[in-house]
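In: Sequence and predicted structure below; questions after.
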Amino acid sequence: MSIADAAPLSRRGALALCAGAGAGVLAGLVMPIRAVQAAQAAQADRRGAAVASTATASAAIRTRPIPHSGEQLPVVGVGTAIQFDVGTTAREESGCRDVVRALVAHGGSIIDTAPSYGAAESVVGDILSATGLRPRVFLATKLERDGFDAPAAGLRSSLQRLRADKVDLLQLHNVSDPSQDLGGIRALKAQGLCRYTGITTTFRGAYDAAEAIIRRDRPDFLEVDYALDNRDAEERVLPAAAEAGTAVLVALPFGRGRLFRLALGKALPPWADEIDCRSWAQFFLKYVLGNPAVTAAIPGTDKAVHMVDDTGAGLGRLPDAPMRARMVRYVQSLG
Ligand SMILES: NC(=O)c1ccc[n+]([C@@H]2O[C@H](COP(=O)([O-])OP(=O)(O)OC[C@H]3O[C@@H](n4cnc5c(N)ncnc54)[C@H](OP(=O)(O)O)[C@@H]3O)[C@@H](O)[C@H]2O)c1
């Protein structure tokens, strides 16, 4: 058995999708997950960016609990580091707006941003304000290193740009000191200005520091780089998070596009069907989501059609350990 578990397909979601796709499907019939995905793909093909409409319902995306609260989070979100650093006119923001609409329409909610991502916080703030989607979004931002000692001021600036009165998650961006204190962001959590605390790192050399903080202070979240061809986090950081009940957001799940360059012009292996992968993006995302320590992945994109593809990784079966090992071998053979 190469399948870890299967996501439930909500009857309501399936029916709404059928209605949206205009398919002549009898009421009460729950479509097999592959058929739902095919219908989604057909919709995406027909409507292009219009698939980003908030009216589009879909199969239920997989969710996982935040260990410290039990709150369920959809397993695919979006990162804004590069793709959302655009101009702040409505026209310049339109591509990112379609991405956010696509994310929410397909069951996702996490948007991860940071003050150091150029205009991204402001773009996210404009989009959430224009679309009214703030209540449906799990909004994560960060404190930059030069602001670790003055977290209230840093968060205040972020809230202005995000046009929000609080964020869901506030993370210390790129921790490097194992004695880093979380007291400042915990105080902001106690004041209701953020709902969860977290730390991030995407540097192998800072994993020891991250691990020490996780084991000592048990932050609600860790954001860490992890991808099919970048598995160092599996050694100690992800196990430490699992033991501490720290939720994990996967940054750089495509290695900033590196995995797509590796797979360029190559076909998915036929056995990708066994884990319901329709694209390389889903293959790469399902690898990280197949690790039970992972709560969600936050790929970056500025294309609604890619966002829809990415959220598809939250549907259907996930790989178990033997299948994940097979995925690694296959990708290694491409190089
Ligand atoms: N220290 C930290 O805290 C830290 C550091 C780095 C990153 N992060 C977080 O991780 C997030 C993701 O990182 P990232 O965006 O740099 O790298 P990434 O998610 O690994 O890769 C993004 C690349 O994948 C492409 N892509 C996305 N979906 C695709 C699809 N379905 N098909 C084909 N191509 C697809 C994007 O191109 P298109 O735009 O053309 O879709 C883009 O070139 C960041 O936004 C940030 O939130 C955190």
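Out: Yes, it's here.
In: Can you give me every residue that contacts the residue nearest to Y287 when sequence neighbours are not counted?
Out: Leaving out its chain neighbours, the residue that sits closest to Y287 by CB to CB, 6 or more residues apart in numbering is L228, at 4.4 Å. All C-beta atoms are positioned from the backbone trio N, CA, C, and that covers glycine. Applying CB atoms under 8 Å, 6 or more residues apart in numbering to L228 gives the contacts L259, F283, F284, Y287, V288, M327, V328, V331.
In: just R236 next, same as before
Out: Y207, E211.
In: switch to 6 Å and redo it
Out: E211 (CB atoms under 6 Å, 6 or more residues apart in numbering).
In: Count the residues that sit near the closest residue to the ligand within the stretch 201-335 of the chain.
Out: Using CB to the nearest ligand atom, the closest approach of the stretch 201-335 of the chain to the ligand is made by G300 at 2.0 Å. By other CB atoms under 10 Å, the residues close to G300 number 23.
In: Okay, the residue nearest to Y287 and G108: tell me how far apart.
Out: Using CB to CB, to the nearest Å, L228 is found at 21 Å from G108.
In: And for V86?
Out: Where G108 is concerned, V86 sits at a distance of 20 Å (CB to CB).
In: the more surrounded of these two?
Out: Using other CB under 10 Å as the criterion, V86 and G108 rank with G108 on top: 27 against 20.
In: I'd guessed V308 sits against R101; true?
Out: No - if you go by CB atoms under 6 Å, V308 and R101 don't touch, sitting 10.3 Å apart.
In: the helices in the stretch 151-300 of the chain, which residues?
Out: 151-162, 183-190, 207-217, 237-244, 258-263, 280-289 (DSSP state H, counting those that start in this stretch).
In: closest to I199 out of these?
Out: The closest of these to I199 is helix 207-217. By CB to CB, the value is 5.7 Å.
In: Which positions in the protein make contact with the ligand?
Out: Applying CB under 6 Å from any ligand atom, we find that the chain lies next to the ligand at 79-83, 112, 173-174, 200, 202, 223, 251-257, 260, 281, 298-303, 306, 309-310.
In: ok, back up a step: any idea which of the helices of the stretch 151-300 of the chain is most buried?
Out: helix 280-289 (a mean of 26; mean count of other CB atoms under 10 Å).
In: That one vs helix 237-244, what angle?
Out: Orientation check (axes from the mean of the first three to the mean of the last three CA atoms, to 10 degrees): helix 280-289 against helix 237-244 gives 50 degrees.
In: So what's the gap between helix 280-289 and the chain middle?
Out: On the basis of CA atoms, centre = their mean, to the nearest Å, the separation between the geometric centre of helix 280-289 and that of its chain is 12 Å.
In: got the contact list for it?
Out: For helix 280-289, the surrounding residues in contact (CB under 6 Å, 6+ apart) are 75, 226, 228, 250, 253-254, 259, 263, 272, 275, 277, 294, 297, 309-310, 312-313, 318-319, 324, 327.
In: any idea how far the closest residue to the ligand within the stretch 51-200 of the chain is from L193?
Out: Of all residues in the stretch 51-200 of the chain, the one sitting closest to the ligand is G79 (2.2 Å; CB to the nearest ligand atom). G79 sits 22 Å away from L193, going by CB to CB.
In: of those two, who's got more company?
Out: Counted by other CB under 10 Å, G79 and L193 do not tie: G79 has more neighbours, with 26 against 19.
In: Show me what the more buried one bridges to in the sheet.
Out: With DSSP bridges as the criterion, G79 is bridged to D112, G300.
In: mind checking pLDDT for it?
Out: Predicted confidence (pLDDT) for G79: 98.
In: Quick check: it touching A296?
Out: No - contact criterion CB under 6 Å: G79 and A296 do not qualify, at 10.8 Å.
In: would you put the C-alpha positions of the longest strand anywhere in the chain in CSV?
Out: Of all the segments assigned as strand in the chain under DSSP state E, the longest by residue count is strand 194-201. Output in CSV follows, covering the C-alpha atoms of strand 194-201 (Å, rounded to 0.1, in the frame of the first residue of the first chain):
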residue,chain,number,x,y,z
CYS,A,194,-1.4,38.0,16.5
ARG,A,195,-3.1,34.6,17.1
TYR,A,196,0.0,32.5,16.8
THR,A,197,3.8,32.9,17.2
GLY,A,198,6.5,31.4,15.0
ILE,A,199,10.0,31.4,13.8
THR,A,200,11.5,30.9,10.3
THR,A,201,14.7,29.8,8.8
